[in-house]
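I need the structure of the sequence given here:
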Amino acid sequence: MENLLIVLGVLFAALFIIVPLVERFGKPVDNEKAQKYTKIMGVLLGIMMLALVIRSCTGA
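From the prediction side, this is the model:
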């Protein structure tokens, strides 16, 4: 339980630091790139879900 709290604390601290930095110094993404990234993420999520189903069915 202690390890879980440490991991959650580190993740929260990282988000607390990284999100403002990205908002301040990040470049805005145009619609074309955002659409491209959305398509790529959809494909990657589909592959991940398929891999999880296969893993679940094989009992690995």
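
secondary structure element holding residue 10?
When secondary structure is defined by DSSP states H and E, residue 10 falls within helix 2-25.

after that helix, next one along is what?
Next element after helix 2-25 (DSSP H and E): helix 31-58.

average pLDDT for that next one?
Throughout helix 31-58, pLDDT has a mean value of 96.

which strands or helices does that helix pack on?
For helix 31-58, there is no helix or strand it packs on, judged by 3 or more CB pairs under 8 Å, 6 or more residues apart in numbering; DSSP states H and E. The way it works is simple: take the backbone N, C-alpha and C, and place the C-beta from them, glycine included.

what about the spatially most central residue of the chain, distance to residue 48?
Geometric centre of the chain, nearest residue: residue 41, 9.7 Å, by CA atoms, centre = their mean. Per CB to CB, to the nearest Å, residue 41 is found 10 Å from residue 48.

what's around the nearest residue to residue 29 once chain neighbours are set aside, how many residues?
Excluding the flanking residues, the one nearest residue 29 by CB to CB, 6 or more residues apart in numbering is residue 37, at 7.5 Å. Residue 37: 11 surrounding residues under other CB atoms under 10 Å.

what are the buried residues along the helix holding residue 10?
By 16 or more other CB atoms under 10 Å, helix 2-25 has no buried positions at all.

measure residue 11 to residue 18 for me?
Counting by CB to CB - residue 11 and residue 18 are separated by 10 Å.

common neighbours of these two, please.
Counting by CB atoms under 8 Å, 6 or more residues apart in numbering, residue 11 and residue 18 have no shared contacts at all.

returning to that earlier point: then the helix holding residue 10 to CSV, C-alphas only?
Output of helix 2-25 as CSV, limited to C-alpha atoms (Å, rounded to 0.1, in the frame of the first residue of the first chain):
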residue,chain,number,x,y,z
GLU,A,2,2.9,2.3,0.8
ASN,A,3,4.4,1.8,-2.7
LEU,A,4,1.0,2.7,-4.3
LEU,A,5,0.9,6.0,-2.4
ILE,A,6,4.5,6.8,-3.5
VAL,A,7,3.7,6.1,-7.1
LEU,A,8,0.5,8.1,-7.0
GLY,A,9,2.3,11.0,-5.3
VAL,A,10,5.1,11.0,-7.9
LEU,A,11,2.6,10.9,-10.8
PHE,A,12,0.6,13.8,-9.2
ALA,A,13,3.7,15.9,-8.7
ALA,A,14,4.9,15.2,-12.3
LEU,A,15,1.5,16.3,-13.7
PHE,A,16,1.5,19.3,-11.4
ILE,A,17,4.8,20.4,-13.0
ILE,A,18,4.5,19.2,-16.6
VAL,A,19,1.0,20.5,-17.4
PRO,A,20,1.7,24.2,-16.8
LEU,A,21,5.0,23.9,-18.7
VAL,A,22,3.3,22.3,-21.7
GLU,A,23,0.5,24.9,-21.7
ARG,A,24,3.0,27.8,-21.5
PHE,A,25,5.7,26.6,-24.0
